[in-house]
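Participant: following is a predicted model, sequence given first.
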Amino acid sequence: MKHILAILALMAFIAVAPEAKAQLSKKEKKEWKKKMKAMEPAEFKELVETNSSLESEVSELRGKVDNLQNEVQTKEERISTAQNQARQAQAELAEAREQLKALEEDASENETRTANGVVFKVQVGAYKNKDLAQYNDNSDNFSSEEEGGLQRITLGNFRDYWEADTFKKYLREMGVKDAWVVPYKDGQRVPMKDVLEGVI
């Protein structure tokens, strides 16, 4: 027990040596000198070696703490970068959704405009036993409708008659001799005379 107290006392003395020198009173100095003289050289050697070993462990532990703090800092930086990227991705996603919504609204508006009012299409033929209705949804510029056992195939979707007429001429030059312009009003096929005044 005496040895343990001496070791602890010496460790405390070494750990706070600079402060102890300034703070020890004369009485305390005499007491510590007596305790040091009472120690055997082997005990003092063991005490110094223990202190040296403990200082080495403290130094090693401080190194580990520094490494851990560096790792934590690196991970915090990665987390911060990932959070920034996530925020940027969310902003881009929100922007893309807004653009998609705007495009859908435009498409809906165009569809409504196309369905309402007068539009012109170019009929390229009327065929028996040829059902092309399955292709109607692929493009707004292609449509087929059945009447009297015939499938009437039309191309284009023009608001201006003269654009439709120019397209008809191109088709005829390409060999579609039966191409001709047909009008639709509010989605229904009508005779040309019903819309002729608005055209000319």
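Facilitator: Yes, it's here. Numbers count the residues shown, from 1 in each chain.

Participant: just to check, L150 is in contact with Y127?
Facilitator: Yes - because the distance of 6.6 Å satisfies Cβ atoms under 8 Å, L150 is recorded as touching Y127. (Glycine included, C-beta is placed from N, CA and C.)

Participant: where does the protein have low pLDDT?
Facilitator: Within the chain, the stretches with pLDDT under 70 are 1-22, 107-115, 132-138, 198-200.

Participant: what residues of the lengthiest strand in the chain count as buried?
Facilitator: With secondary structure taken from DSSP state E, the chain has its longest strand at strand 118-128. Neighbour-count burial for strand 118-128, counted by 16 or more other Cβ atoms under 10 Å, picks out V118, V119, F120, K121, V122, Q123, V124, A126.

Participant: let me see the contact set for V181.
Facilitator: Each residue near V181 by Cβ atoms under 8 Å, 6 or more residues apart in numbering is listed here: F120, K121, V122, Q123, Y161, A164, D165, K168, M192.

Participant: from what I can see the second one touches L155, true?
Facilitator: Yes - counting by Cβ under 8 Å, a contact exists between K121 and L155, whose distance comes to 6.7 Å.

Participant: hmm, back to that, for the buried residues of strand 118-128, which one is nearest N70?
Facilitator: V119 (70.0 Å; Cβ to Cβ).

Participant: so what's the residue nearest the centre of the chain up against?
Facilitator: With distances taken as Cα atoms, centre = their mean, the residue of the chain nearest its centroid is A89 (2.5 Å). Not one residue lies near A89 by Cβ under 8 Å, 6+ apart.

Participant: helices along this protein, start to end?
Facilitator: With DSSP state H as the criterion, the chain has helices at 2-15, 17-23, 26-38, 41-115, 161-173, 192-199.

Participant: now those in TSV, with distance to W180?
Facilitator: Listed next are the helices of the chain as TSV, based on distance: least, Cβ to Cβ, whole Å:
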stretch	distance to W180
helix 2-15	106
helix 17-23	108
helix 26-38	120
helix 41-115	20
helix 161-173	6
helix 192-199	10
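
Participant: which one of the ones you listed lies nearest to E146?
Facilitator: So among these, helix 41-115 is nearest, using Cβ to Cβ, at 19.3 Å.

Participant: report the distance from that closest one to the chain centre.
Facilitator: 16 Å (Cα atoms, centre = their mean, to the nearest Å).
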